[in-house]
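1. Dropping a prediction and its sequence here:
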Amino acid sequence: MNGSTLPNVLVVVLRILLGWVFLYAGMRQIFFTDAWSAGGFLKGAKTFTDFYAWFAQPAIAPIASFAVKWGHLLIGLSLIAGLLVRVSAPIGALLMLLYYFPRMEFPYVDGPNQFLVEYHLVYAVVLVYLAAVHAGRAWGLDGWIERRPMLVPHTA
């Protein structure tokens, strides 16, 4: 990301804040909460119930839980380090949308105090923005790697 300092600062702050949200969720699910399961969250799905019920099946839930836990952790590390943000941010956005829909009883999300919009949707939009502006280039490892000619493949 090129240009003035303020936009870079804002992008880095957004990247690190969202990175912490994902990193903490992953650390908590992996290291501090043995009983956490994606199946428990998905059993109460209010929309797309058949789709989410498939992930909550006893045979699939452990695989989904593993993917979510480690996905949270790796997305968080990626965002904080500014490494592979254009890969991790869209995956994180998809994950946030997968969290958004099971809680929705149209037009409310997780109760009457949230009309259409709640934090998972906001996180998804911010993650798409971070990918679109190449947020890893702003004081992140993506930018550092790009400035190293030996690390970036060149075509003849």
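-> On my side now, so go ahead.
2. What ranges in the protein fall below the confidence cut-off?
-> The chain contains residues with pLDDT under 70 at 1-3, 34, 151-156.
3. any idea which helix is longest in it?
-> helix 5-27 (DSSP state H).
4. how distant is the helix or strand following it from the center of its chain?
-> The helix or strand immediately downstream of helix 5-27 is helix 38-42, counting by DSSP states H and E. Offset of helix 38-42 from its chain centre (C-alpha atoms, centre = their mean, to the nearest Å): 17 Å.
5. need the contact list for the residue nearest the centre of the chain.
-> For the chain, Gly92 is the residue whose C-alpha lies nearest the centre (C-alpha atoms, centre = their mean; 2.4 Å). Gly92 sits next to 18, 22, 71, 75, 79, 123-124, 127 when contact means C-beta atoms under 8 Å, 6 or more residues apart in numbering. Yep, even glycine has a C-beta here, placed from its N, CA and C like the rest.
6. Output the residues you listed in TSV; the columns should cover distance to Ser4 and secondary structure.
-> TSV is the format used below for these (distance: C-beta to C-beta, whole Å; DSSP: H, G, I helix; E, B strand; the rest coil):
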residue	distance to Ser4	secondary structure
Leu18	22	helix
Phe22	28	helix
Gly71	34	helix
Ile75	28	helix
Leu79	22	helix
Tyr123	26	helix
Ala124	27	helix
Leu127	23	helix
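7. Let me know the closest of those residues to Trp36.
-> Gly71 (13.2 Å; C-beta to C-beta).
8. Please report the distance of the residue lying closest to that closest one once chain neighbours are set aside from Ala64.
-> Spatially, and ignoring its direct neighbours in sequence, Gly71 is nearest to Leu95 (6.3 Å; C-beta to C-beta, 6 or more residues apart in numbering). Using C-beta to C-beta, to the nearest Å, Leu95 is found at 11 Å from Ala64.
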